[in-house]
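J.: With the sequence up front, the predicted model follows.
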Amino acid sequence: MEKKIATVKMRNITKTFGTVVANDKVWLDIYKGEILALLGENGSGKTTLMNMLSGIYFPDEGDIFINDEKVVIRSPKDAFDHGIGMIHQHFKLVDVLTAAENIILGLEGKLDLKAATEKIRRICEAYGFEVDPNQKVYDMSVSQKQTVEIVKVLFRGADILILDEPTAVLTPQETDKLFAVLRNMRNDGKAIVIITHKMHEVEKLSDRVAILRHGQFVGDLPTEGTDAQELTNMMVGYSVNLNIARPDPVDPKPRIEVNGLTVRSIDGVLKLQDVSFTAMSGEILGIAGISGSGQKELLEAIAGLQPVESGSICYVEDDGTRDELLGKDPLSIAEKGISLSFVPEDRLGMGLVGGMDLSDNMMLRSFRKGRSVFTDRKSPRRLAKQVVEELNVKTPSIETPVRKLSGGNVQKVLVGREIASAPKVLLTAYAVRGLDINSSHTIYDLINQQKQKGVAVVYVGEDLDVLLELCDRILVLCAGKVSGIVPGRGAKKRDVGMMMTRLGGNSNE
Amino acid sequence: MLEAILSFIPRAIAQGVPLLYGATGEIITQKSGNMNLGIPGVMYVGGICGVIGAFLYEQSLPSPEAINPVLAVLIPTLFSLIGSLLMGLLFCFLTVTLRANQNVTGLAMTTFGVGFGNFFGGSLVKLSGADMPFLALSATSNCFKKTLPFADKLGVFGDLVLGYSFLVYLAIAIALIAAFVINRTRTGLHLRAVGENPGTADSAGINVNRYKYFATCLGCMIAGLGGLYYVMDYASGIWANNAFGDRGWLAIALVIFTIWRPNVGVLASFLFGGLYILHMYIPSGMNLAVKELYKMLPYVVTIVVLIISSLRNQRDKQPPQSLGLPYFREDR
């Protein structure tokens, strides 16, 4: 076997934001013809490090060598000139432009869309992409947008590709397709760096793993011969248990009964069609589905935030009294003990106010309590401190605006607050979106604790592996319809994946 | 009737030209994501700087007959361009470099520009020793108002199409060139990307700040020409304080009316100009209140267009997505 050549060498890279050290003297080598997985907890500086390669940030200290030549990368343009292309977690595309216009954006010379289209077609054929150069970006699905991003980078002749959590928004099938393309490119001699939280993807795709912890480089090792347990221990710095516990349901009784629920969006698009299910107390009901299949509308309908066309949602008390929730306002539904924590893609905007500090955000739930005309500021402070301690939120103080925290920490604050309100029904969507494996497990533990207290948990998740391990039952949504409800114990990932894309999961039509 | 229409069209066009300059400048500015509400002030400054230039030149002449037509046009134009360029640079420095709030900065600049114009306008009136509250620069204005010599020999066609001064044709040419550059060239593509999504443009290697500076300053210079046209051509070289009125705001309304398309702006500005003077052609007797209602028309149609385009909610027909937002690469 030939000796691998390090095409990028990063030496002693340090970057600070204010008082926060994001990267501390990091060493990293990237080789040609290899897929490197960059692992680390939230806030460990993976994205920051890669942003310095792609010219978004400028390192405070340290040197970057490309093909043994010292380079200074001041801007994304410099990065392109050195053959570095990055596909960001939040796509960098202009919605109102076409795929082709987005791909040639920033290049010099005369505008010749015809020639560009021709070149895009050639690239697509070479690697097996499907892109319509004349389609506007706002008409595209997430995976199409990602494809455009990758073609954009290849169009510029990049040899070094960096992908920041590329699979976070893809279905399992789309992920497989992406991986096939990435392997193609590796075999073509390109260097690929992929940032991810999903261990099974690291094991499936990468050749080598590099690990960051608190902004420092811990080490790298070949993927072959290691396992998720070892990698997680390196990431966290101590030994963690990776199995998600699934205690047996405690005294399950129907709590929420949904019957024939149909919801239309404002533009008249059918979002949910004839959805019926029962959520039991002391049980976790998982909801699986491709993003945008109606998960958000379902939870919001239960919480009273979404107008419903037809159907019924019943809240069942312990003694069997039934109470129709439709037509009630969100406040009285919340008073029944139904709590909704929805983590949207941008993590803020639902339930937290970015410009307010931690304790004020806690107060959003409790400001109506108390008899005095003045608000009670002490208990939210206490709650904020408790959440920070228990969930290990990394924040300079509880007076820090939530906006300034890293994404994972924002989420802990949100989920922590919802759980602290001692709900009867906990609706949570994407609770671990973008969280690292260790924080995710903290959240799973919290959810399991609630379940054992007899709370009916509805858990909308993206990661099928987790849904299969955590939930007692899984409801699969497909384009707004119930594709099926399967028991979590013994369900097959493949089957659930098929049900997500086709009603009932029948593949032999 | 025919005669009324024949006299109406040239006057509508004359009214529309300052709006066209202002709107073209503002569209170019807004395409870069900068919301310059200082345009009315910039147009004021463009006007008064032209007046200052013309005043200085006329004062230096031994007699009005000794005027050199080329210099009489070049000097005020240059003054006007420099004045509005400085306004543009000020706006960019505040909003792009220091990332101040664009709306607040813009409104402050409008107030400043109007005050600047009135201050120097008043001072010049005093200097000229006129006993009336305005300054007349008829000699310079005559140079600006020169039309093609054979225009009036060609009958109706000559009057309607050829009978205007060079600033009118320049306004149309600039609008059409702007439309071509924005939609058909790489510079335009980059400019649109900057206004839609500066983060994306930046990561594609486009210098966001340079585009914002360039587009805003160029936009201000074009808008400033609108002020110059108003004084030198439309008002026949007579500067009176506050005479320019609310034309600057009308130009901004025109930007929305045309849905950010300078080529549409050519006809739309003439329509606005027509609506602006319609009240003079509608017999309304002595009831002045009715006239005021007619003067509202341009704003009413703008609101109607806003409602329709918002209702239809087509992605291509919306303002630039990052309009009014500052951009900082390392923002977290």
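T.: On my side now, so go ahead. Residues are numbered from 1 along each chain as shown, chains lettered A, B, ... in the order given.
J.: Can you get me a residue count around residue B:5?
T.: Number of residues near residue B:5 (other C-beta atoms under 10 Å in any protein chain shown) recorded here: 10. Just so you know, the C-beta spots here come from the backbone N, C-alpha and C atoms, and that holds for glycine as well.
J.: Next: residue A:352.
T.: 23.
J.: Distance check, residue B:296 against residue B:14.
T.: Residue B:296 sits 21 Å away from residue B:14, going by C-beta to C-beta, to the nearest Å.
J.: Those two: which has the busier surroundings?
T.: residue B:14 (19 against 12).
J.: quick one: what helix or strand has the more buried one in it?
T.: According to DSSP states H and E, residue B:14 maps onto helix B:2-31.
J.: repeat for residue A:218
T.: Going by DSSP H and E, residue A:218 is in strand A:216-222.
J.: ok, then the element right after that strand?
T.: Taking DSSP H and E, what comes next after strand A:216-222 is helix A:228-236.
J.: contacting residues around that next one?
T.: Outside helix A:228-236, the residues within contact range by C-beta atoms under 8 Å, 6 or more residues apart in numbering or on different chains are A:39-41, A:44, A:199-200, A:202-203, A:209, A:211, A:213, A:218-219, A:239-240, A:242, A:436-438.
J.: circling back: mind listing what's buried along the strand holding residue A:218?
T.: A:216, A:217, A:218, A:220 (16 or more other C-beta atoms under 10 Å in any protein chain shown).
J.: Need these in CSV (columns: pLDDT and distance to residue A:393).
T.: Shown next, in CSV, are the buried residues of strand A:216-222 (pLDDT from 0 to 100; distance: C-beta to C-beta, whole Å):
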residue, pLDDT, distance to residue A:393
A:216, 89, 21
A:217, 90, 25
A:218, 88, 23
A:220, 88, 29
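J.: and which of those residues is nearest chain B?
T.: residue A:216 (20.3 Å; C-beta to the nearest C-beta).
J.: what's the burial count for residue A:485?
T.: Neighbours around residue A:485, by other C-beta under 10 Å: 16.
J.: Who are the packing partners of the helix or strand that the helix holding residue B:14 is followed by?
T.: Toward the C-terminus, helix B:2-31 is succeeded by helix B:39-60 as the next helix or strand (DSSP H and E). If you count contacts as 3 or more C-beta pairs under 8 Å, 6 or more residues apart in numbering or on different chains; DSSP states H and E, helix B:39-60 packs onto helix B:2-31, helix B:69-92, helix B:102-128, helix B:138-144, helix B:208-229, strand B:238-240, helix B:247-257.
J.: If we use 10 Å, what do you get?
T.: Applying 3 or more C-beta pairs under 10 Å, 6 or more residues apart in numbering or on different chains; DSSP states H and E, we find helix B:39-60 packed against helix B:2-31, helix B:69-92, helix B:102-128, strand B:134-136, helix B:138-144, helix B:208-229, strand B:238-240, helix B:247-257.
J.: Name the helix or strand of the chain that has the lowest mean pLDDT.
T.: Since no chain was named, I'll use chain A. Least confident helix or strand, chain A: strand A:338-342 with a mean of 72, by mean pLDDT, DSSP states H and E.
J.: Sorry, I should have been clearer: chain B.
T.: helix B:155-157 (a mean of 76).
J.: how big is the angle separating the helix or strand following it from helix B:208-229?
T.: Once helix B:155-157 ends, the next helix or strand along the chain (criterion: DSSP H and E) is helix B:166-184. For helix B:166-184 against helix B:208-229, the angle by axes from the mean of the first three to the mean of the last three C-alpha atoms, to 10 degrees is 160 degrees.
J.: so what does helix B:166-184 touch, helix or strand wise?
T.: By 3+ C-beta pairs under 10 Å, 6+ apart, helix B:166-184 packs against helix B:2-31, helix B:69-92, helix B:186-196, helix B:208-229, helix B:262-281.
J.: How much space separates the residue of chain A positioned farthest from its centre from residue A:382?
T.: Here the centre of chain A is the reference, and by C-alpha atoms, centre = their mean the most remote residue is residue A:372, at 41.5 Å. Look at residue A:372 and residue A:382: by C-beta to C-beta, they are 17 Å apart.
J.: Kindly report the same for residue B:32.
T.: 49 Å.
J.: more crowded one of these two?
T.: Legend: neighbour count by other C-beta under 10 Å for residue B:32 and residue A:382, higher for residue B:32 (30 against 12).
J.: Distance check, residue B:329 against chain A.
T.: Distance from residue B:329 to chain A, counting by C-beta to the nearest C-beta, to the nearest Å: 6 Å.
J.: wait, isn't that residue in contact with residue B:99?
T.: No. Checked against C-beta atoms under 10 Å, the pair residue B:329 and residue B:99 is beyond contact range at 11.6 Å.
J.: between these two, who's got more neighbours?
T.: residue B:329 (17 against 13).
J.: ok now stretch A:327-340, how far from the chain's centre?
T.: Centre-to-centre, stretch A:327-340 and its host chain are 27 Å apart (C-alpha atoms, centre = their mean, to the nearest Å).
J.: Report the separation between the two terminal residues of that stretch.
T.: Across its full length, stretch A:327-340 reaches 17 Å between end residues, using C-alpha to C-alpha, to the nearest Å.
J.: Could you list the residues in contact with that stretch?
T.: Applying C-beta atoms under 10 Å, 6 or more residues apart in numbering or on different chains, the set of residues contacting stretch A:327-340 from outside is A:255-256, A:299-300, A:302-306, A:308, A:313, A:315, A:317, A:323, A:325-326, A:350-351, A:365, A:368, A:417-429, A:450, A:455-456, A:458.
J.: and among the helices and strands packed on helix B:39-60, the most buried is which?
T.: Comparing the helices and strands packed on helix B:39-60 by mean neighbour count (mean count of other C-beta atoms under 10 Å in any protein chain shown), helix B:208-229 ranks first with a mean of 26.
J.: So which bits of the stretch 351-500 of chain A are right by chain B?
T.: Within reach of chain B by C-beta under 10 Å from any C-beta of the partner chain, the stretch 351-500 of chain A has these residues: A:403, A:404, A:405, A:406.
J.: which of the contacts of stretch A:327-340 count as buried?
T.: Applying 16+ other C-beta under 10 Å to the contacts of stretch A:327-340 flags A:255-256, A:299-300, A:302-306, A:308, A:313, A:315, A:325-326, A:350-351, A:365, A:417-420, A:423-429, A:450, A:455-456, A:458 as buried.
J.: Just the residues you listed: which are in strands?
T.: A:255, A:256, A:313, A:315, A:425, A:426, A:427, A:428, A:429, A:456, A:458 (DSSP state E).
J.: Could you find the lowest-pLDDT member of those residues?
T.: Among those, residue A:429 carries the lowest pLDDT, at 82.
J.: Let me see the ranges of the helices in the stretch 51-200 of chain A.
T.: A:76-81, A:99-104, A:113-127, A:142-155, A:172-187, A:199-205 (DSSP state H, counting those that start in this stretch).
J.: from those, which stretch is densest packed?
T.: helix A:99-104 (a mean of 25).
J.: Give the other helices and strands that that helix contacts.
T.: Counting by 3+ C-beta pairs under 10 Å, 6+ apart, helix A:99-104 packs on helix A:113-127, helix A:142-155, helix B:186-196.
J.: so which of the ones you listed comes closest to residue A:89?
T.: Closest approach to residue A:89 among the helices and strands packed on helix A:99-104 (C-beta to C-beta): helix A:142-155, 10.4 Å.
J.: ok, and does that closest one reach over to chain B?
T.: Yes. Shown here: helix A:142-155 in contact with chain B (C-beta under 10 Å from any C-beta) through residue A:152.
J.: can you give me the angle that helix makes with helix A:113-127?
T.: Using the same axes, to 10 degrees: helix A:142-155 against helix A:113-127 is 100 degrees.
J.: which of the buried residues of strand A:216-222 sit farthest apart?
T.: A:216 and A:220 (13.0 Å).
J.: Pull up the overlap in contacts between these two.
T.: In contact with both residue A:216 and residue A:220: residue A:27, using C-beta under 10 Å, 6+ apart.
J.: With residue A:61 as the reference, measure out to the nearest residue to residue A:86 once chain neighbours are set aside.
T.: Leaving aside its sequence neighbours, residue A:86 sits nearest to residue A:54 (C-beta to C-beta, 6 or more residues apart in numbering or on different chains; 3.7 Å). Applying C-beta to C-beta, the value for residue A:54 to residue A:61 is 18 Å.
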